[in-house]
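> Here you go, sequence then predicted model.
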Amino acid sequence: MNSERLKSLAISDSGFIFDPSSGNTYNTNATGLKIINYLKEKKDINEIFDLFMEQYDVSSEEVEFDINDFIENLKNYHMVTNS
């Protein structure tokens, strides 16, 4: 997954995201911020899954769904790509 575009985003600790290339703004929660930061650190989906399983007391199905759903949203907003 190519997450290089995430590096150009201005992201606040409160979850406000500004994309300077498009002028668009977004909001996310603390979980979304963690996923974005892990992607910026070049962690793959499996690594992120493992980290969330260590940090939270939730089912693996819930973690997998939430991570995949959030990444699909990032793809829809062209913040990450498959290549």
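That came through fine.
> got a list of what the closest residue to residue 30 other than its chain neighbours touches?
Excluding its sequence neighbours, the residue lying closest to residue 30 (Cβ to Cβ, 6 or more residues apart in numbering) is residue 15, at 7.1 Å. Glycine gets a C-beta too; all of them are placed from N, C-alpha and C. The neighbours of residue 15, taking Cβ atoms under 8 Å, 6 or more residues apart in numbering as the test, are 27, 28, 29, 30, 32, 33.
> and what of residue 8?
Counted by Cβ under 8 Å, 6+ apart, residue 8 has contacts 19, 20, 21.
> quick revisit: just the contacts of residue 15: which are in strands?
residue 27 (DSSP state E).
> so which two of the contacts of residue 15 are the farthest from each other?
27 and 30 (11.6 Å; Cβ to Cβ).
> surely residue 80 meets residue 7?
No: the criterion here is Cβ atoms under 8 Å, and residue 80 misses it with residue 7 at 11.2 Å.
> Of the two, which one has the most company?
residue 80 (20 against 8; other Cβ atoms under 10 Å).
> Quick one: list the elements packing against the longest helix belonging to the chain.
Longest among the helix segments of the chain by residue count, using DSSP state H, is helix 60-76. With contacts taken as 3 or more Cβ pairs under 8 Å, 6 or more residues apart in numbering; DSSP states H and E, helix 60-76 sits against helix 30-40, helix 45-55.
> tally of neighbours for the residue lying closest to residue 81 once chain neighbours are set aside?
If you skip the residues right next to it in sequence, residue 81 has residue 2 as its closest partner in space, 4.6 Å away by Cβ to Cβ, 6+ apart. Look at residue 2: counted by other Cβ under 10 Å, it has 10 neighbours.
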